[in-house]
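Asks: Make a model of this:
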Amino acid sequence: MVFADRADAGRRLAARLSYLQGGPMVVLGLPRGGVPVAAEVATALGAPLDVVVVRKLGVPFQPELAMGAIGENGARVVNERVVRLAGVSAAELEAVEVRERAELERRARRFRGGRRWLPLEGRTAVIV
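Replies: From the prediction side, this is the model:
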């Protein structure tokens, strides 16, 4: 499927999700590319919009190679196999996480303007 732009993609996605309209839901966009699409979905469905802020934990000498990821509220996933095969020490992993956690928090503040994330309990979450 080819889209004219992200707004077009969001409108088309919203049309396919129209059966969710009126129910308890929230639309979550992954910055940066997913947010414009999610905004169109949220607008079309009359749902609140929030972001899911995550950061990759890149291997120190090869930052594009993910050894894990972090998210808000302490979420953390580490691929121990990549860490072991790359020879990343616990101190190196911690240093990468500290740096990326600071960036994650900065971005969360920027995208939300200081407000807390929307509650998800009891809602259908559409992740874009």
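Asks: How far does the lengthiest helix in the chain sit from its chain's centre?
Replies: For the chain, the longest helix by residue count, based on DSSP state H, is helix 90-112. Helix 90-112 sits 14 Å away from the centroid of its parent chain (CA atoms, centre = their mean, to the nearest Å).
Asks: quick one: contacts of it?
Replies: Contact partners of helix 90-112, identified using CB atoms under 8 Å, 6 or more residues apart in numbering, comprise 31, 35, 50-51, 53-58, 60, 67-68, 70-72, 76, 78, 83. Any C-beta I mention is one placed from the backbone N, CA and C, and that applies to glycine too.
Asks: Just the helices from the protein, written as ranges.
Replies: Going by DSSP H, the chain shows helices at 6-16, 34-45, 80-86, 90-112.
Asks: Give me the buried entries from the contacts of helix 90-112.
Replies: 31, 35, 50-51, 53-55, 57-58, 60, 67-68, 70, 72, 78, 83 (16 or more other CB atoms under 10 Å).
Asks: Now do the buried residues in the longest helix of the chain.
Replies: Neighbour-count burial for helix 90-112 [16+ other CB under 10 Å]: 92, 93, 96, 97, 100, 101, 104, 107, 108, 111.
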